[in-house]
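1. this is a predicted model, with the sequence first.
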Amino acid sequence: MKKNPQRQMGFTLVELMIVIAIIGILIVAATYTSRAGQIQGSETATGKALNTFSVVELQYFNTHSRTFGSMEDLLKDSLIDSRFSGSPPTTTGYVYTLKVVPKTTSQQSSYTLNADPQQSTGIGASGRNQFYVDSTAGTIHVNPDQPAGPNDPVFGG
């Protein structure tokens, strides 16, 4: 009698492990790309918010005896929305720090506004860059390593 061994159908363990490894690599790549997109979106939204603050502060300055407004003043006059309430205000993963210098007989009123990521490194990073704008020029400055200031490069986003 001849025995006719039947070949078993299916995947071997090695083939199955290769497929699982490829799927894992694809998931990691998709997660990284998605996270990078979220960070870029947060930074762009923060840049737009700083542009808005520059315009709003100028409007406040022109209507309130040549003085700039605090976050509370801007909220009270409905010049910014409630996303910027809180102490400190936090939105789109960034913490906003507004410092207003009041007008005196010897100096004009001025302001500085920093936006720093809540977390700048690791998996939960909300941004990589730190931003700065002030009353002198209204241009946004950016620094990836430390809180930005007036001598840092101008943000182009």
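-> Structure's in. What do you need?
2. what count of nearby residues applies to Thr104?
-> 8 (other C-beta atoms under 10 Å). For every residue, glycine as well, the C-beta is placed using N, CA and C.
3. that one in helix, strand or coil?
-> coil (DSSP: H, G, I helix; E, B strand; the rest coil).
4. from Tyr111, how far off is it?
-> Distance, Thr104 to Tyr111, by C-beta to C-beta, to the nearest Å: 15 Å.
5. kindly report the same for Arg66.
-> With distances taken as C-beta to C-beta, Arg66 is found 13 Å from Tyr111.
6. who has more neighbours out of those two?
-> Higher neighbour count among Arg66 and Tyr111: Tyr111, with 21 against 10, using other C-beta under 10 Å.
7. can you list the low-confidence ranges for the chain?
-> 1-8, 120-124, 157 (pLDDT under 70).
8. the longest helix in it is where?
-> Counting by DSSP state H, the longest helix found in the chain is helix 13-63.
9. quick one: list the elements packing against that helix.
-> helix 71-76, strand 94-101, strand 110-117, strand 130-134 (3 or more C-beta pairs under 8 Å, 6 or more residues apart in numbering; DSSP states H and E).
10. the closest residue to Glu57 other than its chain neighbours in helix, strand or coil?
-> Distance criterion C-beta to C-beta, 6 or more residues apart in numbering; nearest residue to Glu57, sequence neighbours excluded, is Phe68 at 5.2 Å. Following three-state DSSP, Phe68 is assigned to coil.
11. returning to that earlier point: how about the helices and strands packed on helix 13-63 in CSV, adding distance to Asn143?
-> Shown next, in CSV, are these (distance: least, C-beta to C-beta, whole Å):
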stretch, distance to Asn143
helix 71-76, 22
strand 94-101, 14
strand 110-117, 10
strand 130-134, 5
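12. please name whichever of these is nearest to Gly41.
-> Minimum separation from Gly41 across those (C-beta to C-beta) falls at strand 94-101, 11.8 Å.
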